[in-house]
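*Asks:* sequence plus the predicted model coming up.
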Amino acid sequence: MKKNVCYFGDDAIGGAASYLSGVMSHYGISYDRVDSGFAPKPSFFETDYDLYILSDYPRSTLDGTSVLDHIVRAVTEKGSGLLMIGGWESFYGRLGEYHNTPVASILPVTMEKKDDRRNYPVSVLLHPCAEHSITAGLPWETPPGIGGFNAFKVKKDAKLLLEGIRFNLTLHDDSDIPPRSPHFASLRLPGPAMAVLSVSVAETVPLLAVGQAGEGRVAAFASDAAPHWVGGFVDWGTRRIHQKIGEGFIEVGEDYARFWNNLVRWTAKLD
């Protein structure tokens, strides 16, 4: 039986992999899993998939480049999709080092050649910057925030769909309010101390890019699908989705789940 997705990484079911696996199960997307630290079985080369997902999966686990060469051929010649999701073992990361592998040539982003991990205590807000079916219909007027991501640059022939807005937050007393600027706002906090919170934009960064590679679609999402990097994004949405997965379950926000369903289906051409 043909499977929609071959999903590499995010440790194992019961851990981080439960989140994306749970979302795909909720929406009826069939998949095979390759746990982090394990290479795919020989049957991998005999199975056609609509989409390959590499998410927090160490390149060093693969013996040579045969698996990645197979994925590139499936995308460019057979029309499969490729989605890379961020993490310590994605892109360059800490142990990813995909920058000099075959998939680097077809992803819609250019990776850094050094540790690309970025971690922030204040949420980086997701902001759409182009219309697309992946982001359509989601409540971007109440944007979710993430805690970290891999830094990359979007290739010229790719399309940037989501950027992250990173803020500087500073508390001042009432007599020390900094001068205003076009990217500055202040809010007087309640209480006897008369503190003022100033908010300014520190930078905007690319978070989701999509493109075409031969016959297939490709996508790169800079942050993770599971805690901790995903931050409050995992709870985005007023309605909760409860999904049994393995011996456990996930409980996530409906709009978080809708986003991942949209992204997987578009890249796999299931849309």
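*Replies:* Received it, and whenever you're ready, just let me know what you need. Since we're looking at a predicted model, the values are computed, not measured.
*Asks:* closest to the centroid, which residue in this structure?
*Replies:* When the chain is reduced to its mean C-alpha position, the nearest residue by Cα atoms, centre = their mean turns out to be Phe221, at 3.5 Å.
*Asks:* state the phi and psi torsions of it.
*Replies:* Recorded main-chain torsions at Phe221 are phi -110, psi 120, according to degrees, to the nearest 10.
*Asks:* list the residues that contact it.
*Replies:* Phe221 makes contacts with Leu83, Met84, Ile85, Gly86, Leu207, Leu208, Leu263, as judged by Cβ atoms under 8 Å, 6 or more residues apart in numbering. Yep, even glycine has a C-beta here, placed from its N, CA and C like the rest.
*Asks:* ok, the longest strand seen in the chain: who's next to it in the sheet?
*Replies:* The residue-count maximum for a strand in the chain (DSSP state E) belongs to strand 196-213. On the basis of DSSP bridges, the sheet neighbours of strand 196-213 come out as strand 159-172 (antiparallel), strand 184-188 (antiparallel), strand 216-221 (antiparallel).
*Asks:* how about it as CSV, C-alpha atoms only?
*Replies:* Coordinates of each C-alpha in strand 196-213 appear next as CSV, following Å, rounded to 0.1, in the frame of the first residue of the first chain:
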residue,chain,number,x,y,z
VAL,A,196,6.3,51.5,31.4
LEU,A,197,6.9,48.6,29.0
SER,A,198,8.5,49.6,25.7
VAL,A,199,8.3,47.4,22.7
SER,A,200,10.4,47.7,19.6
VAL,A,201,11.1,45.5,16.6
ALA,A,202,14.5,44.0,16.7
GLU,A,203,14.5,42.2,13.4
THR,A,204,12.4,40.2,11.0
VAL,A,205,13.6,36.7,9.9
PRO,A,206,12.4,34.2,7.3
LEU,A,207,10.5,31.2,8.8
LEU,A,208,8.7,29.4,6.0
ALA,A,209,9.7,29.2,2.3
VAL,A,210,8.3,27.1,-0.5
GLY,A,211,9.4,26.3,-4.0
GLN,A,212,9.6,23.9,-6.9
ALA,A,213,12.4,21.4,-7.6
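*Asks:* tell me where the protein has helices.
*Replies:* Applying DSSP state H to the chain gives helices spanning 17-26, 66-78, 254-267.
*Asks:* ok, and what's touching the last one?
*Replies:* Residues external to helix 254-267 that are found in contact with it (Cβ under 8 Å, 6+ apart): 5, 20, 23-24, 26-27, 29, 51, 53, 81-83, 132-139, 144, 208, 210, 217-219, 221, 225, 233-241, 270-271.
*Asks:* re earlier: what separates the longest strand of the chain from the chain centre, distance-wise?
*Replies:* Between the mean C-alpha location of strand 196-213 and the chain-wide mean there is a distance of 13 Å, by Cα atoms, centre = their mean, to the nearest Å.
*Asks:* what's the answer for stretch 238-252, then?
*Replies:* The mean C-alpha position of stretch 238-252 is separated from the chain mean by 19 Å, Cα atoms, centre = their mean.
*Asks:* for stretch 207-225, same thing?
*Replies:* Taking Cα atoms, centre = their mean, one finds the center of stretch 207-225 at 9 Å from the center of the full chain.
*Asks:* got the end-to-end distance for that stretch?
*Replies:* According to Cα to Cα, to the nearest Å, stretch 207-225 extends 12 Å from its N-terminal end residue to its C-terminal end residue.
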